[in-house]
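>>> please work out how this folds:
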Amino acid sequence: MKYYGTLGPSCADTEMLRRMLQEGMTGIRLNLSHKSLQESEEWIVNYFMAADQEGVKVDFLIDLMGPELRIGTLETEMILGEKEKVLLGGKQIPIPDIIRPYLVKGQHVLLDDGKIVLQVAEDGKSRGVLCYVIQGGILRSNKSILLPGCQVDQPTLTPMDLKNLSTARKYGVTEVMLPFSRGKEDLRNLRCTLNGIGSSDIRIFAKIENLDGVRNLEEMLPESDCIVIARGDLGNAIPLTMLPCIQDQIATMCRKYKKDFMVVTQMLDSMMHHPYPTRAEVSDIFQAVMQGASSLMLTGETAVGEYPVKAMEMLAQTGRHAETYRREKEKQENNFV
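The predicted model follows:
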């Protein structure tokens, strides 16, 4: 079992990373939607320095932008209250031009993995699209934007993705995660790009975050090295009450074809601000291990949370206990055969 954290301000220094490795971390993710590899060079150097000091071999996973849609850079973070009016587009909340035709009256808009929900109040104009805030929160730059029910056609890789991939080997990248993987062609495009830059040994992680990814999972298995059950945006693409069913469906298919899979998003979300997890969270980790996950990942808990080391400790300890239990259970079941 592998345990990943996510690089961010809360865990970017060498000593903090050493402590996370001591608690069981085996790899780390860098979200390239916020900073490029070059801009993150100091963090990356600290990570590999920590691994050298601990005498361990580690994985370095980069999470591309891919076909995921995101807002632009805000002048400052925004506190959005329910029933407020906001303007999508223009200077207030910059958005990709490609989504403007879909912003018609009544359309819901999910921001930051669905934490914030807007509804379009009137059809878009050149200056922007007026929306009402249905569910408020704090909005920061470069957060995801999702339009439920809309199929927005995006290229597999962005120009920034291509730039980051061109320097992946220089920075010690071992794995690449493709967000919103829609089918085998997305993964083939990524593999072709990696082969073309002499990085054919870098492993591909297919991130399942939408209905296309769920429907086309079987065809993506031979094209990927690991399937990622990314429950944030996936939970926005389907009724939230169905998410556990879809997780089990994906896990079952991965086991059938002996494909590694990772479970990620809100594994220990309460530990963003509290030193101990909830009972439901440790049970969630246990369930993922029992379903056969080969790896688990923390995101905001280590990147910007208040207790990155403690969160990694809880993830790894719970995962180890679950692994031991699973092996013992399988042994007992085999004895009855």
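>>> contacts for stretch 9-24, please.
Contact with stretch 9-24 is made by 3, 5, 28, 42-43, 46-47, 49-51, 53-54, 56, 58, 302-306, 308-309, 312-313, 315-317, 319-320, as judged by Cβ atoms under 8 Å, 6 or more residues apart in numbering. Every C-beta, even on glycine, is put in place using the N, C-alpha and C of the backbone.
>>> which ones among those lie within strands?
Using DSSP state E, 3, 5, 28 are the members of the contacts of stretch 9-24 that sit in strands.
>>> quick check, nearest of these to Lys258?
Tyr3 (21.1 Å; Cβ to Cβ).
>>> now do the contacts for that closest one.
If you count contacts by Cβ under 8 Å, 6+ apart, then Tyr3 has 24-27, 295-297, 312, 315-316, 319 around it.
>>> how near is it to Asp113?
Between Tyr3 and Asp113 the computed distance is 22 Å (Cβ to Cβ, to the nearest Å).
>>> kindly report the same for Cys245.
Relative to Asp113, and taking Cβ to Cβ, Cys245 is found at 20 Å.
>>> my guess is Ile202 meets Tyr171, correct?
No. Look at Ile202 against Tyr171 with Cβ atoms under 8 Å: they stay out of range, at 11.4 Å.
>>> more crowded one of the two?
The residue with more neighbours, out of Ile202 and Tyr171, is Ile202; 21 against 18, by other Cβ atoms under 10 Å.
>>> could you list every residue that touches that one?
Applying Cβ under 8 Å, 6+ apart to Ile202 gives the contacts 168-169, 173-176, 194.
>>> quick one: mean pLDDT for the strand or helix carrying Leu30?
Element membership for Leu30 (DSSP states H and E) is strand 27-31. Averaged over strand 27-31, pLDDT sits at 98.
>>> over to stretch 64-77?
Per-residue scores along stretch 64-77 average to 87.
>>> straight-line length of that stretch, end to end?
This stretch, stretch 64-77, spans 23 Å end to end (Cα to Cα, to the nearest Å).
>>> list the buried ones in it?
64-71, 74 (16 or more other Cβ atoms under 10 Å).
>>> from the residues you listed, which land in helices?
Within these, no residue falls in helices by DSSP state H.
>>> which of these lies closest to Asp97?
Closest to Asp97, out of all of those and judged by Cβ to Cβ, is Leu69, at 11.0 Å.
>>> domain-wise, how is the chain divided?
2-68+155-335, 78-146 (automatic domain parsing).
>>> pick out the shakiest of those, pLDDT-wise.
Here the domains of the chain differ in mean pLDDT, and the lowest is domain 78-146 at a mean of 89.
>>> gap between the two ends of that one?
18 Å.
>>> stretch 253-264 too?
17 Å.
>>> next: stretch 29-49.
OK, stretch 29-49 end separation, Cα to Cα: 16 Å.
>>> what's in contact with it?
With Cβ under 8 Å, 6+ apart as the test, stretch 29-49 has contacts from 4-8, 12-14, 17, 28, 58, 60-65, 68, 70, 141-142, 160-161, 163-164, 167-168, 170-173, 177, 297, 299, 303.
>>> and the closest residue to Thr26 other than its chain neighbours, how far is that from Thr167?
Spatial nearest neighbour of Thr26, chain neighbours left out: Lys2 (4.5 Å); criterion: Cβ to Cβ, 6 or more residues apart in numbering. Here Lys2 is placed at a distance of 24 Å from Thr167 (Cβ to Cβ).
>>> who's more crowded, those two?
Lys2 (20 against 14).
>>> what number of residues lie near the closest residue to Arg169 other than its chain neighbours?
Once flanking residues are discounted, Arg169 sits nearest to Ser199: 5.4 Å by Cβ to Cβ, 6+ apart. Counted with other Cβ under 10 Å, the neighbours of Ser199 add up to 17.
>>> in a helix, Ser199, correct?
No. According to DSSP: H, G, I helix; E, B strand; the rest coil, Ser199 belongs to no helix; its state is coil.
>>> pretty sure it sits against Leu165.
Yes. Using Cβ under 8 Å as the test, Ser199 is close enough to Leu165 to be in contact (7.3 Å).
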